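Participant: Sequence plus the predicted model coming up.
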Amino acid sequence: EVYHLEEAAIGGHPFARHDLGCREAENGNYERTTRHLIIAASLGYELSMEMLKANHARGYVSKEDFAVALRAHQAALDATKSPQRETAEKWEKEWK
């Protein structure tokens, strides 16, 4: 199972990268956890950003690492913005 997560993470799948970070945290490898979460956050994965924030508050993530992750996360979100997506989001909200 871990093999497949690693392959997916290498392929750029943010959830797989996030899950690997969670597994590293369970094993107490907080540096590796932080690296996995930063990569997932830089791919736009919101839950990884939330975990980085919580781990920063606990002292597991440095201020510098958190700042890097925050900038990369925002850049990923900005890269996905388009007029077509905004229109689709409006329609989705109207139909709910």
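Facilitator: Yep, that arrived.
Participant: Every contact and neighbour count from this point should use C-alpha atoms.
Facilitator: Noted.
Participant: Just the local confidence number for residue 95, please.
Facilitator: We have a pLDDT of 88 for residue 95.
Participant: I'd like to know how far it sits from residue 38.
Facilitator: Going from residue 95 to residue 38 by C-alpha to C-alpha, to the nearest Å gives 35 Å.
Participant: Phi and psi next, for residue 80.
Facilitator: Per-residue torsions, residue 80: phi -90, psi 0 (degrees, to the nearest 10).
Participant: same deal with residue 37?
Facilitator: Residue 37 adopts backbone torsions of phi -70, psi -40, taken as degrees, to the nearest 10.
Participant: quick revisit: look at residue 95 and residue 38 and report which has more neighbours.
Facilitator: Counted by other C-alpha atoms under 10 Å, residue 95 and residue 38 do not tie: residue 38 has more neighbours, with 27 against 6.
Participant: just checking, what packs against the helix or strand hosting the more buried one?
Facilitator: Using DSSP states H and E, residue 38 sits within helix 30-42. Helices and strands touching helix 30-42, as assessed by 3 or more C-alpha pairs under 8 Å, 6 or more residues apart in numbering; DSSP states H and E, comprise helix 14-26, helix 46-58, helix 63-79.
Participant: quick one: average confidence on it?
Facilitator: Mean predicted lDDT for helix 30-42 stands at 96.
Participant: With only the CA atoms kept, save that helix in PDB.
Facilitator: The C-alpha coordinates for helix 30-42 follow below in PDB (Å, rounded to 0.1, in the frame of the first residue of the first chain):
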ATOM      1  CA  TYR A  30       8.200  15.300  11.800                       C
ATOM      2  CA  GLU A  31      10.900  16.600   9.400                       C
ATOM      3  CA  ARG A  32       9.700  14.200   6.700                       C
ATOM      4  CA  THR A  33       6.100  15.000   7.600                       C
ATOM      5  CA  THR A  34       6.800  18.700   7.100                       C
ATOM      6  CA  ARG A  35       8.400  18.100   3.700                       C
ATOM      7  CA  HIS A  36       5.500  15.900   2.500                       C
ATOM      8  CA  LEU A  37       2.900  18.500   3.700                       C
ATOM      9  CA  ILE A  38       4.800  21.400   2.100                       C
ATOM     10  CA  ILE A  39       4.800  19.600  -1.200                       C
ATOM     11  CA  ALA A  40       1.100  18.800  -1.000                       C
ATOM     12  CA  ALA A  41       0.300  22.400   0.000                       C
ATOM     13  CA  SER A  42       2.300  23.700  -2.900                       C
END
